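S.K.: build me a model:
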Amino acid sequence: MNITLSHEAAAVGPAASRLHSKLVVGDLHADSLLWRRNLLRHSSRGHVDIPRLQAGNVALQVFTAVTQSPAGLNYGQNARDSRDNITLLALAQAWPVATWTSRYQRALYQARRLHRFAERAPRDLQVITNRQQLRQLLQARQQGAALVGGILGTEGSHALDGELDNIRGLHEHGYRVMGLHHFFDNALGGSLHGESGQGLTAFGEQAVDQMRSLGIIIDVAHSSEQVVRDVLARDETPLLLSHSGFQGHCPSQRNISDELMQAIAAGGGLIGVGFWEAAVCDASPAGIAAAIRYGIALVGADHLALGSDFDGAVSVPFDSSELATLTQALLDAGISPQDIRKVMGGNLVRFFDAQLPAD
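M.R.: Numbering: from 1, shown residues only. Sure, this is the predicted structure:
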């Protein structure tokens, strides 16, 4: 389900290679914890594991827990009671029995997987939950360590199982990013791909307020446009939109309006540009670079990052080991090295350094 499109090894010139080696590279969205793979070993399947992140010079990777997903992955419209693929996956992969019926337990299980990987290989992977750890990671990398920082996020707050207290439970297990929606409406409000198009419900308002009080970063990828407006209006904390494209560049049911993208940026938010066709309309390195160039013109280079959706049941033009290919494509697109540094990871580091708790 996670395909790397057939391609010849891309030519990365000396200038791009030198630039990429000096970058702090980060990615806002990968669903790698969903799959039965040992992320400490190089795999020929999927897009992400720690050796491939190290080969791609990735410093920070947000690992997102998928806990419910409808059959068909329809961007148009999905009912809340659609057949759930993750139930079947949990059974097929022999997840703990508690995960078979609880989306909250599915999120805890995926968090435990990342923590166990970090415990087994502390020189290769560290789970980042606060600003101090982030700065220590960056310092270690400056001294030559190949350490990768992993940040936990949820793909939709149906992972709460309708209980506000579960926000604290997820926080205690290391979650610092929470998406509000995925492919369908939930107790918090409408999905971009749901049936209602509604904004935040009363429960959603309470959930957002509690997330804010714990310092959790709110991700509005997959949320309805009205939910995005409601969250923007609720307070001035910058929002994350972890993986998407721009409607004006790629007219798609996956992408919200350019106007809302500008509003997110105006509030200090960060937008992750995706690597797959429905987000950017051209799933090639040049196509992704074109989407990023459009985003720079629309919202400014300070508000863009990478949002690959690696391992998210998508087909992409390269895996995480080949991110220098994108650096080359950005140079070829005429984007300055300064802006490339921002988009490839500098903005992500700055955003998390501002939004994560101090310790």
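S.K.: which residues in the protein form strands?
M.R.: Taking DSSP state E, the strands of the chain run over residues 3-4, 25-30, 58-66, 125-127, 148-155, 175-179, 217-219, 240-244, 270-273, 304-306, 315-316.
S.K.: how close does Val343 sit to Thr64?
M.R.: Applying C-beta to C-beta, to the nearest Å, the value for Val343 to Thr64 is 20 Å. For glycine as for every other residue, the C-beta is placed from the backbone atoms N, C-alpha and C.
S.K.: between these two, who's got more neighbours?
M.R.: Neighbour count, other C-beta atoms under 10 Å: between Val343 and Thr64, Thr64 has more, with 34 against 28.
S.K.: tell me what the residue nearest to Leu137 when sequence neighbours are not counted is bridged to.
M.R.: Of all residues not flanking Leu137 in the chain, Gly149 sits nearest, at 4.5 Å (C-beta to C-beta, 6 or more residues apart in numbering). Beta bridges link Gly149 to Leu60, Gln126, judged by DSSP bridges.
S.K.: ok, now which ones touch Gly149?
M.R.: Contact analysis of Gly149 by C-beta atoms under 8 Å, 6 or more residues apart in numbering lists 59-61, 125-128, 133-134, 137.
S.K.: mind redoing it with 6 Å?
M.R.: Shown in contact with Gly149 (C-beta atoms under 6 Å, 6 or more residues apart in numbering): 60, 126, 128, 137.
S.K.: what does Ser257 give?
M.R.: Gln247.
S.K.: same deal with the one 4 residues further on?
M.R.: For Met261, the contacting residues are Val299, taking C-beta under 6 Å, 6+ apart as the criterion.
S.K.: per-residue pLDDT, it?
M.R.: At Met261, the model reports a pLDDT of 98.
S.K.: which residue packs closest to Gly269, ignoring adjacent ones?
M.R.: In space, Gly269 is closest to Leu239, 4.2 Å off (C-beta to C-beta, 6+ apart).
S.K.: same thing with Gly204?
M.R.: Nearest to Gly204 is Leu188, by C-beta to C-beta, 6+ apart, at 3.4 Å.
S.K.: quick one, what contacts the residue lying closest to Asp49 once chain neighbours are set aside?
M.R.: Leaving aside its sequence neighbours, Asp49 sits nearest to Leu39 (C-beta to C-beta, 6+ apart; 4.7 Å). Leu39 makes contact with 49-50, 117, according to C-beta under 6 Å, 6+ apart.
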